[in-house]
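Colleague: Quick one: sequence and predicted model below, then my questions.
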Amino acid sequence: MKLVRFHPNISDGGRGSKSKEAEIKRINKELANIRSKFKGDKALDGYSKKKYVCKLLFIFLLGHDIDFGHMEAVNLLSSNRYTEKQIGYLFISVLVNSNSELIRLINNAIKNDLASRNPTFMGLALHCIANVGSREMAEAFAGEIPKILVAGDTMDSVKQSAALCLLRLYRTSPDLVPMGDWTSRVVHLLNDQHLGVVTAATSLITTLAQKNPEEFKTSVSLAVSRLSRIVTSASTDLQDYTYYFVPAPWLSVKLLRLLQCYPPPEDPAVRGRLTECLETILNKAQEPPKSKKVQHSNAKNAVLFEAISLIIHHDSEPNLLVRACNQLGQFLQHRETNLRYLALESMCTLASSEFSHEAVKTHIETVINALKTERDVSVRQRAVDLLYAMCDRSNAQQIVAEMLNYLETADYSIREEIVLKVAILAEKYAVDYTWYVDTILNLIRIAGDYVSEEVWYRVIQIVINRDDVQGYAAKTVFEALQAPACHENLVKVGGYILGEFGNLIAGDPRSSPLIQFNLLHSKFHLCSVPTRALLLSTYIKFVNLFPEIKTTIQDVLRSDSQLKNADVELQQRAVEYLRLSTIASTDILATVLEEMPPFPERESSILAKLKKKKGPGTVTDLEEIKKERSSDMNGSAEPASVNSTPSPSADLLGLGAAPLTNSAPPPASSGSLLVDVFSDSASAVAPLAPGSDDNFARFVCKNNGVLFENQLLQIGLKSEFRQNLGRMFIFYGNKTSTQFLNFTPTVICSDELQSNILKCNSTKPVDPTVDGGAQVQQVVNIECVSDFMEAPILNIQFRYGGTFQNLSVKLPITLNKFFQPTEMSSQDFFQRWKQLSNPKQEVQNIFKAKHPMDAEITKAKIIGFGSALLEEVDPNPANFVGAGIIHTKTTQIGCLLRLEPNLQAQMYRLTLRTSKEAVSQRLCELLSEQF
């Protein structure tokens, strides 16, 4: 056959072309020959067409461009010979793009093959659709393939291909795959006798269930039933699907992943059967291996780890969680590196469960040993993660000490992360804050280059806020600074603490004021400009603390090296501090240079930095996310004023984001006032993502939590509001290992919101590239100009793995966010209540309770809604009353509410009275959804 002779003639191997030039010459000659055959011989038979099309395909795979032969390949699709049709489909799958003029002819040929009921031809057509996977293919066949999949006369091999083809189209164009009657029928494929069909259907259902859980919730019981039959079967029962004595391992893993899309089954029988399955899998892991080959252990362990993932996901069976932990503990010393890695990773998640935390702690010595002896850096990093996750007050000092010891020899790539974790643990579990100070100073000594500003900011904040540790901190940093070589971060900490609390140790002759000053100044010339600037501030503080060394300090400030310094910042500080020390009286100096006041308590900026470094969904923020998801009330602290300018020490507060400024809002324009604060406007907006309304309702009475999450992206919110102003932090987390490209979040508003009602401004745009596992943040400043009814839409568009992603969610900016609570006496409340008696000012709603009628939860929700909860105001103590003022830029609207529960009927009556009918209506709608 000429094709057989042609291939070796152009490949390297002694017999073929010996240079690139010779290969190109040979290929050009063959292309000319094929072109002449296609043009000259109109009666070219199917065999010849197949041969020449195959040659063109081979030349293309060698890296050469092909600009003809497409029509001949399309003609092969109409052949009744399998080999000719196969080559035609192969050529089209590889060379024809979705914009080709031939796509209509190709689609017609595919439709003919799908309608032929010939299983071989149907399989080729389905494979071609899946390989191309374009939006045009989805538009043409997304409605046809589900019918083939659920048809009763479709052969098993075609069902497999149809399921996987539909999965491919759904992943590329989910909006084009219609949900309909076929969804309930495809679930029953889990009961199919052919395990190949079940495997393909499970992959499809898992992906569909992630976005449409309600449509496929009946799959849970069927998946449990099928899984039960697999795990209880002998290896001889499923001979065709048994892999090295493990029955259907791929299907088992897929079924376990499907079950992770749902909470534990509510049906006791199904739940019991699932528990039996998981116990059986754990029991089999303890049995001696049936084969010594690695394929057997890989398949067996794949099922085991997926079962453990399901146990962790459900987090409801203490016995299973502890058994899973013990099984993972056996893998910690396994000779296979991958197993050790996976065991450590899974135990990190188990450590966050209240049921298994203590069981995880029993393996602390093994994990510490892994940290010391493990050769693979990725395994050592997981060991650090696990130590961090299992840490509590009982073992904090041991774990911190081990981490510090490891830090001296740790890989440079993970030192910064270990430093952050040590700093967090030392602060979180410090019973004695002298231990905390010692730990942080030791941390700076061992790995000073990796101690970020957040770490030493935080230690200063804690020392300033705790009177009991200030003297010890001053003494300790003074002693640490006496070392011949000090890291610059230690000089920063020492300069700040001695400047504030050096007087506490000045009574000791060994740390007299002059000795303290000389010690710090001996480090001055070795430091960078920012550290020198800090030390100059310490010197002027010393002038106030120690008047006896004022002359010495003035001489230093007066020197040419300071007053004529090339750096403007240092020169300005020296001039101003010298002038201040010269002309100011003692009282003025004491006022200007008084001790720093305590910092407001905030979330640790170190923890925020670790979360940003590790990305969303990691062990560091797993517990917080769980709390946010389960909380239905506003747990945020009182927000900071959003229209004030932060002091220079704002970095120490742990805000971790660019502050708002005092600048006036931009003038109104004739266009949209809720502008696209992120990037270029989107060309096409997706409909609201499933569950968007439910997630939106959860944020009415709270400000923080996860707004949206799917298999690719997690969107988290943290918001704070004061009067008519607000600030919203939006976190976008890439849950995959692949970059998001052209990442474009856009805020879209209705016509109503565009008419001078709500203004949003972003401090800076989002980075268009989001690395795998990374998180980016957007800060949005909000101003309420007038009362509004609707909420903005947040549209996110990006490319993931070459596939365009487009989704929209409601942004929870609601009128009640601009509530300011107002305290009232009973007399004032009912007097104002009577004043608002106009029928247009009152809105009342009587509704059935959707949640358990718990008084404490009801109180928390009313407070979270924004109003003040007025105790002992209503004559009926079972009723709840509240009062507040809605602040907008143009007006203030007083609001009174009364909630009357009827426990017997499980009903509520909610009454809202405000000076504006539309506001009463909107607040009543929002609050009614919470009970």
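Modeller: Perfect, I can see it now. Numbers count the residues shown, from 1 in each chain.
Colleague: for the stretch 151-300 of the chain, what are the low-confidence residue spans?
Modeller: Within the stretch 151-300 of the chain, the stretches with pLDDT under 70 are 235-237, 239.
Colleague: So which residues of it form strands?
Modeller: Using DSSP state E, counting those that start in this stretch, the strands found in the stretch 151-300 of the chain span residues 242-243, 246-247.
Colleague: Just checking, which helix or strand of the chain averages the lowest pLDDT?
Modeller: The helix or strand with the lowest mean pLDDT-type score in the chain, counting by mean pLDDT, DSSP states H and E, is helix 622-630 (a mean of 42).
Colleague: Hmm, S808 and P687 touching each other?
Modeller: Yes. The criterion here is Cβ atoms under 8 Å, and P687 meets it with S808 at 6.6 Å. Yep, even glycine has a C-beta here, placed from its N, CA and C like the rest.
Colleague: the more surrounded of the two?
Modeller: Per other Cβ atoms under 10 Å, whichever of P687 and S808 has more neighbours is S808, with 20 against 11.
Colleague: Contacts only, for the more buried one.
Modeller: When contacts are counted by Cβ atoms under 8 Å, 6 or more residues apart in numbering, S808 touches 685-689, 692, 748, 793-796.
Colleague: Out of the residues you listed, which sit inside strands?
Modeller: If you go by DSSP state E, the contacts of S808 have 748, 793-796 in strands.
Colleague: thinking again about what came up before, so among the contacts of S808, which ones count as buried?
Modeller: 686, 688-689, 692, 748, 793-796 (16 or more other Cβ atoms under 10 Å).
Colleague: picking up where we left off before, so which of the contacts of S808 comes closest to A302?
Modeller: A689 (31.5 Å; Cβ to Cβ).
Colleague: from memory the closest one sits against N806, does it?
Modeller: No. A689 lies out of contact with N806 (Cβ under 8 Å); the separation is 10.0 Å.
Colleague: Skipping adjacent residues, who's closest to S537 in space?
Modeller: Once flanking residues are discounted, S537 sits nearest to G499: 6.6 Å by Cβ to Cβ, 6 or more residues apart in numbering.
Colleague: What distance do you get for the one you found to D787?
Modeller: 50 Å (Cβ to Cβ, to the nearest Å).
Colleague: Mind checking which of those two has more residues around it?
Modeller: Set G499 next to D787 and count neighbours by other Cβ under 10 Å: G499 wins out with 24 against 20.
Colleague: phi, psi of that one?
Modeller: phi -60, psi -30 (degrees, to the nearest 10).
Colleague: right, and it touches T538 too?
Modeller: Yes. The pair G499 and T538 qualifies as a contact (Cβ under 8 Å) at a distance of 3.6 Å.
Colleague: pLDDT below threshold where in the stretch 651-800 of the chain?
Modeller: 651-685, 752, 754-763.
Colleague: for it, what spans make up the strands?
Modeller: With DSSP E, counting those that start in this stretch as the criterion, the stretch 651-800 of the chain has strands at 704-709, 713-722, 725-734, 740-748, 758-762, 775-784, 793-800.
Colleague: Quick check: R573 touching L535?
Modeller: No. Look at R573 against L535 with Cβ under 8 Å: they stay out of range, at 9.8 Å.
Colleague: Quickly list what the residue nearest to F729 when sequence neighbours are not counted is bridged to.
Modeller: Leaving out its chain neighbours, the residue that sits closest to F729 by Cβ to Cβ, 6+ apart is K718, at 4.3 Å. Beta bridges link K718 to N704, F729 when assigned by DSSP bridges.
Colleague: What residues sit buried inside stretch 872-880?
Modeller: 873-874, 880.
Colleague: scratch that, stretch 493-503 is what I was asking about
Modeller: For stretch 493-503, by 16+ other Cβ under 10 Å, it's 493-503.
Colleague: Can you give the contact residues for stretch 567-583?
Modeller: Residues contacting stretch 567-583 (Cβ under 8 Å, 6+ apart): 529, 532-533, 536-537, 539-540, 543, 550, 553-554, 557-558, 562-565, 589, 592.
Colleague: Is there a quick PyMOL command that grabs whichever of those are buried?
Modeller: Buried residues within the contacts of stretch 567-583, by 16+ other Cβ under 10 Å, are selected in PyMOL with:
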select buried, resi 532+533+536+537+539+540+543+550+553+554+557+562+565+589
